[in-house]
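*Asks:* next input, structure requested:
(one chain, ligands or ions: 1)
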Amino acid sequence: LPEFAAVRHAVPMLSIKTETDTGPSGAIHFDIRVRRALGLGEDAPALEYAAELKFDGLAISLRYEAGILARAATRGDGETGEDVTQNVRTIHRIPLRLRGAAIPELLEVRGEVFMSRPDFEHYNARQRERNKPALVNPRNGAAGSIRQLDPKISAERPLSFYAYGLGEVSGWPLPDSHGGVLDALEKFGIPVCEHRTVTLGADGLVAFHARILALRDALPFDIDGVVYKVNDLAQAASLGFVSRAPRFAIAHKFPAEEMITEVLG
Ligand code: IVH
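*Replies:* Numbers count the residues shown, from 1 in each chain. Reported below is the predicted structural model:
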C-alpha cells in the first residue's frame, strides 16, 4: 500500500524450500543432500539439526536498536517490505524493550505474526454479536491486521508472534548454533515456541515430524508442517543457496487433512 513506507532489508528475508514428500523419506532425503553438500562420508557422525514448527501467518522483521523496538517491517518481496511499526507496537507479546544484560547494539529478529485459534474464534464471535464482518481464517486475520492503516483497528485484533531467526545484527557475540540463537532471543524476552528441539541425523528429524504431527490438533494455532535447519551456523553458512533458497533449511509438510463430506443437495 502506498501509505506504508518502503523498508529495504539489509539482510534479505528469504523463503525456504518445501519438501512435499510428507513421509519419513522427506527428512531422509534432506539429510542425504546436506551431508553430500558438506562433503561428509558415510562414516562421518550424524549431523546436528534444529527442528521447529512452520508457523502459518505473516513474516515480520523486528529491528531493535540498543534494545528498543525501532522498526517492524513485512517481508514484501524479500528485498523490500513495508514499515508496519505502528501496528506491530500494538501486539502485546512483542516487547518494546529487550530485557536482560549484554543487549546488542543492533538486533533484527525474524519471525511470524499469527492469530491463535481461540483468539480467532473469540474475535469472530464478538464481530457477529455486533453484526460486523467476521475474519475468513486466522492467517488472513493476521495478515489483514498488520496491514491496517489505522493502528487502532490492529490493536483490537489479538495477534501472537514467534521468532525463528535473525536479520542484521551488530555489537553482539553471535551464538554458534541456531538453537543457541533461539535460546538467547528467549532470554531477551522475545517469544520463541517451546516446541523446538536440537536433534541428531535423519532419525531425529523423522521422530520430531511424527511427534508434532501427533500434537498438531492440540496446538492452539495452525501450522503448515515443521522446519529443519542445520544447527551449526558456520556449517549452515557454508552450504550456500540454490535458486535463492538456503540449502541449510527445509520445510517438511504434513499429509493433507482428509474428511468425509455428505452432499445433502
Ligand atoms: S526460516 C532463511 N523458520 O515460512 C530461512 N521460516 O518460506 C528463513 N516460516 O515466509 C525462514 N515458520 O515466514 C523459517 N520456523 C520457521 C518458519 C518460517 C514459518 C515462514 C516464513 C517464510 C516462509 C519460508
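*Asks:* so which bits of this protein are right by the ligand?
*Replies:* 14-16, 52, 54-55, 59, 75, 112, 164-165, 227, 246, 249 (CB under 6 Å from any ligand atom). Heads up, the C-betas are built off the backbone N, CA and C, glycines and all.
*Asks:* buried among those? Need that as a selection in PyMOL.
*Replies:* Buried residues within those, by 16 or more other CB atoms under 10 Å, are selected in PyMOL with:
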select buried, resi 14+16+52+54+55+59+75+112+164+165+227+246+249
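*Asks:* of the residues of the chain next to the ligand, which belong to strands?
*Replies:* Those of the residues of the chain next to the ligand mapping onto strands are 52, 54-55, 59, 112, 164-165, 227, 246, 249, per DSSP state E.
*Asks:* so which residues of the protein form helices?
*Replies:* Counting by DSSP state H, the chain has these helices, from start to end: 24-37, 85-88, 117-129, 138-146, 151-156, 178-187, 201-215, 233-238.
*Asks:* now do stretch 78-97: everything it contacts.
*Replies:* By CB atoms under 8 Å, 6 or more residues apart in numbering, the residues outside stretch 78-97 that reach it are 1, 4-9, 12-15, 60-62, 67-76, 113, 145-148, 151, 154-155, 159-161, 188-191, 244.
*Asks:* distance between the ends of it?
*Replies:* The first residue of stretch 78-97 is 26 Å away from its last residue (CA to CA, to the nearest Å).
*Asks:* where's the closest residue to residue 165 other than its chain neighbours relative to residue 100, distance?
*Replies:* The shortest distance from residue 165 to any non-neighbouring residue, by CB to CB, 6 or more residues apart in numbering, is to residue 110 (4.4 Å). Noted for residue 110: a distance of 19 Å to residue 100, by CB to CB, to the nearest Å.
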